[in-house]
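J.: Turn this into a model:
(one chain, ligands or ions: 2)
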Amino acid sequence: MLQPTAKAELSSFELVRHYFDLAADRLALPDDLREVLLTAYREVQVAIPVRLSDGRITTFHGYRVQHNGARGPFKGGIRFHPQVDLDEFRALAALMTWKTAIVGVPFGGAKGGVDCDPSLLQPHELEKLTRAFTQRIDKVLGPTRDIPAPDVNTNAQVMAWMMDEYGKGHGYTPGIVTGKPIALEGSFGREAATARGLVYLFREAAPAVNLVPQEATVAIQGYGNVGSWAGRLLSRLGARVVAVADESGAVRAERGLDTDALAAHVRDGGRVADYVADGVEPVSGEEFLATDCDVFVPAALGGAIHAGNADLLRCRMVVEGANAPTTPQADELLREKGVFIVPDVMANAGGVVVSYFEWVQNLQHFRWDEREVNDKLGTIMRRAYREVAARAAKRPGDGSLRVAAFELGIERVVEAARLRGNF
Ligand SMILES: NC(=O)C1=CN([C@@H]2O[C@H](COP(=O)(O)OP(=O)(O)OC[C@H]3O[C@@H](n4cnc5c(N)ncnc54)[C@H](OP(=O)(O)O)[C@@H]3O)[C@@H](O)[C@H]2O)C=CC1
Ligand SMILES: O=C(O)CCC(=O)C(=O)O
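T.: Ligands and ions are numbered 1, 2, ... in the order given. You can find the predicted model right below:
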């Protein structure tokens, strides 16, 4: 459902660098400082040979990129996907650095993962691979060093295996990962947190395009953790989710999809394209993108909206659940058409904010109830939106939230690094 031409436009890191440069120009950052801020602190690359059930050894490749730790321990998700590479993790780790700074949680940025396709692995193979990966990156992890979390194709179970494997050498350490199962000191609210944060921001942003959130129509690309929770929470708000896509295809329903039923269908192993219900029709990838809606939520992979398809979009607002879903060319094209974009570094920051809450709870071996978690999340997300929007408003003619958000994030990282005497 994503068109591969996206990657050809710019590499993942070039894409992040593009937005970094725009913000760095505004901040008048000197070249030497730019170089420091664009260079990852540490990049770990490991080979992970695993004997699979067919008796053969498959060598997977694992990565952990720690981008910048000026503001606190490195923090960011673990992605399992056949197409990941070092360039992509460099980009995603840098985004984490700006994201944590924008929402003001005391972390740096990291990202990592393995080049595997979990859909081709049996559960015990996935566990074996996860444990072997954890052993190989163990030395750079730690609750005050680097704290992973779930990302694409990883979940609470994968975090539980990572925590258990890490604990073999270090003793019981729940604060080593976030996004764990509730039974293992995971935080209430973390599973839905990325989407909940996105919905908080959508509500803040809606007036900018005269949109009433409760009356909005929405199309969602990706129906995993972020997409399916966004669908369910937006439906609960009263919005109508009229189209959804995953890798298998897309469905559309003018009167609105039953987002809970669709989530249950996916949770039980179904694909979006196979979802059958009254008033629901299968559509092509292009028809999906061209769905008439108020809000488009990319919640799949990077580069999904690019120069080759941005023109198809018929929405008033894009709220980026995915990381780096919009290429610079597409971003410009959409903004020229008057589409209001709430960028990834703020729109999907709810996940890491509640990861921060989980970490804080783990350090104290204490638990907050879900209402407390959600309320605190709302306070942080709304504050971040207002701070970024206020900065964007100072640039009449180019009120891009993305560049303003990058500016804010970079500024905070520079301040912390300077105060620590890092440069
Ligand atoms: N989980 C989190 O807390 C956070 C996630 N994010 C970002 O949100 C995005 C989604 O992550 P998450 O929900 O956790 O991941 P999941 O693995 O839970 O879900 C990914 C979804 O994307 C779909 N997808 C994958 N490839 C394509 C494709 N080519 N076309 C259309 N859909 C596709 C998958 O479909 P299928 O199942 O058919 O493959 C699946 O529905 C990522 O960009 C991630 O970095 C950002 C912040 C936090
Ligand atoms: O929760 C976290 O620590 C990180 C989530 C993540 O990977 C992201 O925000 O992209």
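
J.: Just to be sure, Pro82 is in a helix?
T.: No: assessed with DSSP: H, G, I helix; E, B strand; the rest coil, Pro82 is coil; it does not lie in a helix.

J.: list the contacts for the residue lying closest to it once chain neighbours are set aside?
T.: Excluding its sequence neighbours, the residue lying closest to Pro82 (C-beta to C-beta, 6 or more residues apart in numbering) is Asp117, at 4.4 Å. In short, each C-beta sits where N, CA and C put it, glycine included. Asp117 makes contact with Phe80, His81, Pro82 under the criterion C-beta atoms under 8 Å, 6 or more residues apart in numbering.

J.: Show the buried residues in those.
T.: Buried members of the contacts of Asp117, scored by 16 or more other C-beta atoms under 10 Å, are Phe80, His81.

J.: how about the contacts of Asp117 in CSV, adding distance to Asn155 and pLDDT?
T.: Converted to CSV, the contacts of Asp117 look like this (distance: C-beta to C-beta, whole Å; pLDDT from 0 to 100):
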residue, distance to Asn155, pLDDT
Phe80, 10, 98
His81, 14, 98
Pro82, 18, 98
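
J.: can you redo the contacts of Asp117 as a markdown table with distance to ligand 1?
T.: What follows is the contacts of Asp117, written out as a markdown table (distance: C-beta to the nearest ligand atom, whole Å):
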| residue | distance to ligand 1 |
| --- | --- |
| Phe80 | 8 |
| His81 | 8 |
| Pro82 | 11 |
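
J.: Residue of the stretch 301-423 of the chain closest to ligand 2, please.
T.: Using C-beta to the nearest ligand atom, Ser355 is the residue of the stretch 301-423 of the chain that sits closest to ligand 2, at 3.3 Å.

J.: Which helix or which strand is home to that residue?
T.: Using DSSP states H and E, Ser355 falls within helix 350-364.

J.: Which other helices and strands does that helix contact?
T.: strand 74-80, helix 86-103, strand 146-150, helix 190-205, helix 370-393 (3 or more C-beta pairs under 8 Å, 6 or more residues apart in numbering; DSSP states H and E).

J.: Helices of the stretch 201-350 of the chain, start to end?
T.: 225-237, 259-267, 285-289, 328-336, 344-347, 350-364 (DSSP state H, counting those that start in this stretch).

J.: and these, which is most packed in?
T.: helix 344-347 (a mean of 30; mean count of other C-beta atoms under 10 Å).

J.: so Val46, which of the three states?
T.: Recorded secondary structure, Val46: strand (three-state DSSP).
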